[in-house]
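Participant: pasting the structure only:
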DNA sequence: TTGTATTTCATTGTGCACAATCTAATTTCG
DNA sequence: CGAAATTAGATTGTGCACAATGAAATACAA
């Protein structure tokens, strides 16, 4: 029954570390009044002028049941606008408000701060990221 | 602003892969009527006759706000007993019922099934687990 | 011993995640 | 064209996570 020991599970450190990493981000994100998933949406929208809910979900591996209420909260706090597409009314486009765009300035330092708290080498960080991404991309999206 | 690109974040693949991994477990765990965090509690209790809520939280990095309702649900489904300690009434001990112990037989095959779905080498799996655990253990528990 | 601090768990409230279901819009195909 | 299938989001319900607070029991110090 060795496989059933917690120590022998890959998934557990993945699960635990993922939560602890978002806990590392939390104090920084609180200053911007963002949660970690909201921060991920902001990262996407700082890169792309306009994205549909579908596109955001595709990037973040999240479905509308998660994104719809999350984006509504972000709309309420004035970070994004949600616009029903006129050509295809099934689609909702999301884009940053002026305030949302300005928030980028306050977020610039976050990755460096997190990195320094981790105290691992840049090389190791990148190889780890690569390994995790490789596994992730092998898992089929339903 | 390169650091603010989704692709350059370590935390994102960690977050996304963690969720996708629990999604891999889901079909197997549904047959046992367990969620992934409940499965982690079962792993601990299959190894240890009796654990306090505190000890479970310490192992899984979860607090009572998460564990209390989770353990109550597991008590309702008949997997565990929750017993207030008589020597120190602040403590609640958790232990498996007969049914809970028997469930181990049905769970034995799960890790191998997950492993085969991942299609990565055993060596890579172990080194990855080790790296993640190392980072995790460097992060201070509050 | 008595007041204070600490420990352990429970409770409340908010925000994800995600399955299941629904609605409306669009596409496809006979 | 018109019915059936597909697609994009929204809704509902359940179960985590976790901050903040509270309550009760124990430890500890003066």
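Facilitator: Perfect, I can see it now. Computed from a predicted structure; not experimentally measured.
Participant: Going by C-alpha atoms from here, please, whenever you check contacts or count neighbours.
Facilitator: Will do.
Participant: thinking residue A:99 is in contact with residue A:81, fair?
Facilitator: No - using Cα atoms under 8 Å, residue A:99 is not in contact with residue A:81; the gap is 10.8 Å.
Participant: Neighbour count: the two, which is higher?
Facilitator: Remark: of residue A:99 and residue A:81, residue A:81 carries more neighbours, 19 against 12, as counted by other Cα atoms under 10 Å in any protein chain shown.
Participant: Enumerate every residue touching the residue nearest to residue A:3 when sequence neighbours are not counted.
Facilitator: Once flanking residues are discounted, residue A:3 sits nearest to residue B:111: 6.1 Å by Cα to Cα, 6 or more residues apart in numbering or on different chains. By Cα atoms under 8 Å, 6 or more residues apart in numbering or on different chains, the contact set of residue B:111 is A:3-4, A:9.
Participant: Check the gap between residue A:31 and residue A:90 for me.
Facilitator: 35 Å (Cα to Cα, to the nearest Å).
Participant: Please verify my assumption that residue A:4 contacts residue B:108.
Facilitator: Yes - with contact defined as Cα under 8 Å, residue A:4 reaches residue B:108; the gap is 6.7 Å.
Participant: Now do the same for the closest residue to residue A:10 other than its chain neighbours: helix, strand or coil?
Facilitator: Nearest residue to residue A:10, sequence neighbours excluded (Cα to Cα, 6+ apart): residue B:129, at 5.2 Å. At residue B:129 the chain is in helix, as set by DSSP: H, G, I helix; E, B strand; the rest coil.
Participant: host element of the most centrally placed residue in chain A?
Facilitator: Centroid-nearest residue in chain A, with Cα atoms, centre = their mean: residue A:40, separated by 2.7 Å. Per DSSP states H and E: residue A:40 is located in helix A:36-47.
Participant: And that helix, what's buried?
Facilitator: The neighbour-count check on helix A:36-47 (16 or more other Cα atoms under 10 Å in any protein chain shown) flags A:36-46 as buried.
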